[in-house]
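Here is the input, now give the coordinates:
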Amino acid sequence: MTETEQLTFPALLSESARKFGQCNALALLGEKPITYSEMDVRINSVMAFLEKLGIRQGDKVAILSSNQPNWGISYYAIVSMGAVVVPLLPDFLSSEIENILNHSEAKAIFVSSGMLYKLDGLTCGLMQYRIMMDDFKVISGPDTVASYDAVATPEKKYAVLENDLAAIIYTSGTTGKSKGVMLTHQNICFTAQKSGTIQFIDEHDRFLSILPLSHTYENTIGLVLPMTRGACVYYLGKAPVISVLLPALQAIRPTMMLTVPLIIEKVYRTSVLPKIKAHWITNLLYRFSFTRKKLNVVAGRKLMHTFGGELKFFGIGGAKLNHHVEKFLREAKFPYAIGYGLTETAPLLAGFNPQTSKLQSTGPAMEGVQLKIHHPDPKSGEGEIWAKGPNVMMGYYKEPDMTAEVLTPDGWFRTGDLGMFDKNNYLFIKGRLKNMIVGSGGENIYPEEIESVINNFKYVVESLVMEKQGKLVALVHFNREEIETRYFHLKEELSNYVEQKIEELLEELQEYVNARVNKFSRVQVILVQPEPFQKTATQKIQRYLYT
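Numbers count the residues shown, from 1 in each chain. The predicted structure follows:
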């Protein structure tokens, strides 16, 4: 897509079909890929089908489905006819789905077979049709005999404008209340176009999609962006568990992947570190900078092989990456890249490619986007990040007051994130403004930074730091299986021993953390979190449930 083209989905897709017609576009693992020309035919046939069902320009159509080629085809068909797509996260509860379908006034929904049970018993006032994503068969509706014709073409020509509403994205968020983010054609297409200036992509690239397509991060960067450059996107067809993912990586040999910090942090803690610490000599050598870097290079080569050997861009977003894990990726020469953005900005605001990375930074502002620190602290330079650009949302659906709280009259979006710029205009994120704790002496305490230290402690999976009654309290989830495996030789009364060991670890952990943070960030109380924390689609802990 060139700079002079209209920033709408019909313009984007017609250009891609013209330029990359015979290139592979979408594929399900183990099946023959769909070419761009074939995708164009299918998009038009689904548009014709929606016309038959009475869907008109401006109508809302929802998607509740696992990742698959038909997800993208349905999405593109909806927005190409000027209707509005409402993607639903697969992990939404039935009650949440019902509320969203009613709030958005969706008239139809595409649903995959594995998600169909979530619609049982729902009462949706304006909902007319339920359509099976797998084969586009009408499951229920006024006209259940209406059938999908794979070679049909739409009867109407649709005039779609850049500022027309394209999608309403409901986020699970971390505040407990979902908000319908209104994104225009321009918002999404601009972001896809400009994010392509950060990393070179062409028709030889293969994306492996493992994050939910209903999340803006995967949607814009993992679906729309590849379609502007002629790349092919592969889907697993199953949950990305290790037994499915490892052989898929070898079969697809992706050049591009998008992920969230929790995934690569888990790989580091469960695969990389244990192998290094399994032998006393490597464990000893890992304590020294020179030999640690050498060991990390070796580990990096093995990690590259695990990912198929041809990876050149491993995008990490959605939350802050652990400092130690990022340091390992840098020293391992693993091609990671970090970006920053929000659903409200479709989503990317800043980012870099593997060649221009800087430790713990999210990179400079994306081309065409303005970023500034509002009322920065005179000493630290820290303050709330504000953004302006063609990718900033229209607002929150049916929520003018909530929209006015985050959008200024002159077009700046208040991100709610705290950050600072270095002398080269690289952005550094400190944490969420609403999460920041003000100490007794007026100091700014960032829970995310303390959690990063805690999460590097042995046996810790994840943690959450909060303030309770004037004290810093940490909830910590330990890997009990790892502790049990470590002390399996003590077969008698193992359960009691593990509990005793965890109590000892709590004391050791408190000393460990408080020796590594400033005095006003020291943790006074550490409590065990028995179960994993509940998380959003991008694996951020839903803090409101615990605070």
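
Please, where are all the helices along the stretch 301-450 of the chain?
Under the criterion DSSP state H, counting those that start in this stretch, helices of the stretch 301-450 of the chain are mapped to 323-331, 400-406, 447-454.

Any stretches of the chain with poor pLDDT?
The chain contains residues with pLDDT under 70 at 1-4, 172-178, 440-442, 487-497.

Tell me which stretches of the stretch 51-200 of the chain form strands.
60-64, 84-87, 106-111, 129-132, 138-140, 165-170, 180-184 (DSSP state E, counting those that start in this stretch).

Let me know which of the helices of the stretch 301-450 of the chain is tucked in deepest.
Most buried of these, by mean neighbour count (mean count of other C-beta atoms under 10 Å): helix 447-454, with a mean of 22. Yep, even glycine has a C-beta here, placed from its N, CA and C like the rest.

How about residues contacting the helix or strand just after that helix?
Following helix 447-454 in sequence order, the next helix or strand is strand 460-468 (DSSP states H and E). Residues outside strand 460-468 that contact it (C-beta atoms under 8 Å, 6 or more residues apart in numbering): 262, 437, 447, 450-451, 454-455, 472-479, 509, 523, 525, 529, 532-533, 541, 543, 546-547.

Okay, buried residues for strand 460-468 please.
Neighbour-count burial for strand 460-468, with 16 or more other C-beta atoms under 10 Å as criterion, is recorded at Val460, Val461, Glu462, Ser463, Leu464, Val465.

Please spell out the ChimeraX selection for the buried subset of the contacts of strand 460-468.
Buried subset of the contacts of strand 460-468, written as a ChimeraX selection, criterion 16+ other C-beta under 10 Å:
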select :262,437,447,450,451,454,455,472,473,474,475,476,477,478,479,509,523,529,533,541,543,547
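
Give me the domain ranges for the protein.
As given by automatic domain parsing, the domain ranges for the chain are 9-200, 260-432, 437-545.

what's the longest helix in the protein?
helix 494-514 (DSSP state H).

Mind giving me the packing neighbours of that helix?
helix 447-454, strand 471-478, helix 480-486, strand 525-528 (3 or more C-beta pairs under 8 Å, 6 or more residues apart in numbering; DSSP states H and E).

For it, buried residues please.
Quick answer for helix 494-514 (16+ other C-beta under 10 Å): Val498, Lys501, Ile502, Leu505, Leu506, Leu509, Gln510, Tyr512, Val513, Asn514.

Over to Asn518: give its phi and psi.
Main-chain dihedrals, Asn518, degrees, to the nearest 10: phi -70, psi 170.

picking up where we left off before, quick one, which of the helices of the stretch 301-450 of the chain is nearest to Asn283?
Nearest to Asn283 among the helices of the stretch 301-450 of the chain is helix 323-331 (15.1 Å), distances taken as C-beta to C-beta.

could you give the angle of that closest one to helix 447-454?
Put simply, helix 323-331 runs at 70 degrees to helix 447-454, going by axes from the mean of the first three to the mean of the last three C-alpha atoms, to 10 degrees.

Dump the strands of the stretch 51-200 of the chain to TSV, plus mean neighbour count and distance to Glu443.
Formatted as TSV, the strands of the stretch 51-200 of the chain follow (neighbours: other C-beta atoms under 10 Å; distance: least, C-beta to C-beta, whole Å):
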stretch	mean neighbour count	distance to Glu443
strand 60-64	25	45
strand 84-87	24	41
strand 106-111	24	47
strand 129-132	21	54
strand 138-140	15	57
strand 165-170	25	36
strand 180-184	23	33
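
got those strands as TSV, with distance to Val41 columns?
Below are the strands of the stretch 51-200 of the chain laid out as TSV (distance: least, C-beta to C-beta, whole Å):
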stretch	distance to Val41
strand 60-64	20
strand 84-87	20
strand 106-111	18
strand 129-132	18
strand 138-140	21
strand 165-170	22
strand 180-184	27
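
closest one to Thr485 among those?
Going by C-beta to C-beta, the one of the strands of the stretch 51-200 of the chain nearest Thr485 is strand 60-64, 38.6 Å.

ok, the closest one: who's next to it in the sheet?
Note on strand 60-64: by DSSP bridges, its sheet partners are strand 84-87 (parallel), strand 106-111 (parallel).

next one: that strand to chain centre, how far?
20 Å (C-alpha atoms, centre = their mean, to the nearest Å).

And stretch 221-230, by the same measure?
16 Å.

how far does it stretch from start to finish?
13 Å (C-alpha to C-alpha, to the nearest Å).

Quick one: the helices of the stretch 301-450 of the chain as a markdown table, columns for distance to Pro364 too.
Shown next, in a markdown table, are those (distance: least, C-beta to C-beta, whole Å):
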| stretch | distance to Pro364 |
| --- | --- |
| helix 323-331 | 17 |
| helix 400-406 | 23 |
| helix 447-454 | 22 |
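
So for Asn67, which of the ones you listed sits nearest?
helix 323-331 (25.2 Å).

Just the CA coordinates for that closest one, please, in CSV.
Provided in CSV are the C-alpha atoms of helix 323-331 (Å, rounded to 0.1, in the frame of the first residue of the first chain):
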residue,chain,number,x,y,z
HIS,A,323,14.7,-6.6,32.4
HIS,A,324,16.7,-9.9,32.9
VAL,A,325,14.8,-11.6,30.1
GLU,A,326,15.4,-8.8,27.7
LYS,A,327,19.1,-8.7,28.6
PHE,A,328,19.3,-12.4,27.8
LEU,A,329,17.6,-11.9,24.4
ARG,A,330,20.1,-9.1,23.6
GLU,A,331,23.1,-11.1,24.5
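
quick one, what contacts Lys19?
Each residue near Lys19 by C-beta under 8 Å, 6+ apart is listed here: Gly230.

That one: what secondary structure?
helix (DSSP: H, G, I helix; E, B strand; the rest coil).

how much space is there between it and Phe207?
Per C-beta to C-beta, to the nearest Å, Lys19 is found 18 Å from Phe207.

same question, Lys266
Lys266 is 21 Å from Phe207, by C-beta to C-beta.

For Ala77, which of the helices and strands packed on helix 494-514 is the nearest?
helix 447-454 (39.9 Å).

just the CA coordinates of that closest one, formatted as PDB?
Once non-C-alpha atoms are left out, helix 447-454 reads as follows in PDB (Å, rounded to 0.1, in the frame of the first residue of the first chain):
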ATOM      1  CA  PRO A 447       4.600  -1.700  41.300                       C
ATOM      2  CA  GLU A 448       5.700  -3.000  37.900                       C
ATOM      3  CA  GLU A 449       9.300  -2.300  38.700                       C
ATOM      4  CA  ILE A 450       9.200  -4.100  42.000                       C
ATOM      5  CA  GLU A 451       7.300  -7.100  40.400                       C
ATOM      6  CA  SER A 452      10.100  -7.300  37.800                       C
ATOM      7  CA  VAL A 453      12.600  -7.900  40.700                       C
ATOM      8  CA  ILE A 454      10.300 -10.400  42.400                       C
END
